[in-house]
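1. Build me a model:
(one chain, ligands or ions: 1)
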Amino acid sequence: MSTSAHAPAGAGTVTDRLVEANRTYASAFQDPGMDARPVLKVAVVACMDARLDLHAALGLELGDCHTIRNAGGVVTDDVIRSLTISQRALGTRSVILVHHTGCGLETITEEFRMELEEEVGQRPAWAVEAFRDVDQDVRQSMQRVRTSPFLLHNDDIRGFVFDVRTGLLREISPASGGSAPAA
Ligand SMILES: [Zn+2]
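-> Residues are numbered from 1 along each chain as shown. I've put the predicted structure just below:
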């Protein structure tokens, strides 16, 4: 039986189909008996992009990692909050940042906030975090994680750009100057 939310369905919203898919999922589900602490002691911070299947792309299995996602995979205060809890309460040690080609944040600018303000009469407190250079954006994100005073472990922080057309990760060197040399 398919668990796909794309399965033919009658009337109903997308959410109705997701809930239906969950019933099928749960009918075959067996309690893996896992601890909340990620097996691989790693947290992955990534863009919310729909084309990025982190578990498949990184060979991750259920229970392996914490996954923290937002528009752009940006290291916001809230991402630092999650990473702090991930490391201090749930034992992770490594951080992997995954941005990607063709990101929606490359198509907008900080003007987005001004446009919002004009439309709704209130400027959001958050930055849009738009960017033009994805490599530089990954470097900035690594730097934000590395310099956070709240984290216990900052010696294994690596950043990558995922190519949505090839599925390959390209590692970004923390220092400016382009990609890290191939290992
Ligand atoms: Zn993106």
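2. ok, residue 85 - how many residues close by?
-> 14 (other C-beta atoms under 10 Å). (Glycine included, C-beta is placed from N, CA and C.)
3. For the closest residue to residue 156 other than its chain neighbours, list the residues it contacts.
-> Leaving aside its chain neighbours, residue 156 sits nearest to residue 94 (4.2 Å; criterion: C-beta to C-beta, 6 or more residues apart in numbering). The neighbours of residue 94, taking C-beta atoms under 8 Å, 6 or more residues apart in numbering as the test, are 40-43, 153, 156-158.
4. of those, buried ones?
-> Of the members of the contacts of residue 94, the ones counted as buried by neighbours, 16 or more other C-beta atoms under 10 Å, are 40-43, 153, 157-158.
5. returning to what we had before: quickly check the contacts of residue 94 for the two that are furthest apart.
-> 40 and 157 (15.0 Å; C-beta to C-beta).
6. Could I get the phi/psi values of the closest residue to residue 90 other than its chain neighbours?
-> In this structure, residue 90 finds its nearest non-sequential neighbour in residue 37, 5.0 Å apart by C-beta to C-beta, 6+ apart. The phi/psi pair for residue 37 (degrees, to the nearest 10) reads phi -80, psi 130.
7. residue contacts, residue 37?
-> 90-92.
8. let's see it at 10 Å
-> 63, 66, 86, 89-92 (C-beta atoms under 10 Å, 6 or more residues apart in numbering).
9. Residue 131 too?
-> Residue 131 touches 72, 74, 99, 103, 105-106, 108-109, 137-138, 140-141, counting by C-beta under 10 Å, 6+ apart.
10. could you check the distance from it over to residue 38?
-> Remark: distance between residue 131 and residue 38 (C-beta to C-beta, to the nearest Å) = 28 Å.
11. got the contact list for the helix-or-strand element of the chain with minimal mean pLDDT?
-> One helix or strand of the chain scores below all others by mean pLDDT, DSSP states H and E: helix 111-120, with a mean of 93. Contacts with helix 111-120, where a contact means C-beta under 10 Å, 6+ apart, come from 105, 108-109, 122-128, 130.
12. ok, and for it, which residues are buried?
-> For helix 111-120, using 16+ other C-beta under 10 Å, the buried residues are residue 113.
13. and that helix, how far out from the chain's middle?
-> 26 Å (C-alpha atoms, centre = their mean, to the nearest Å).
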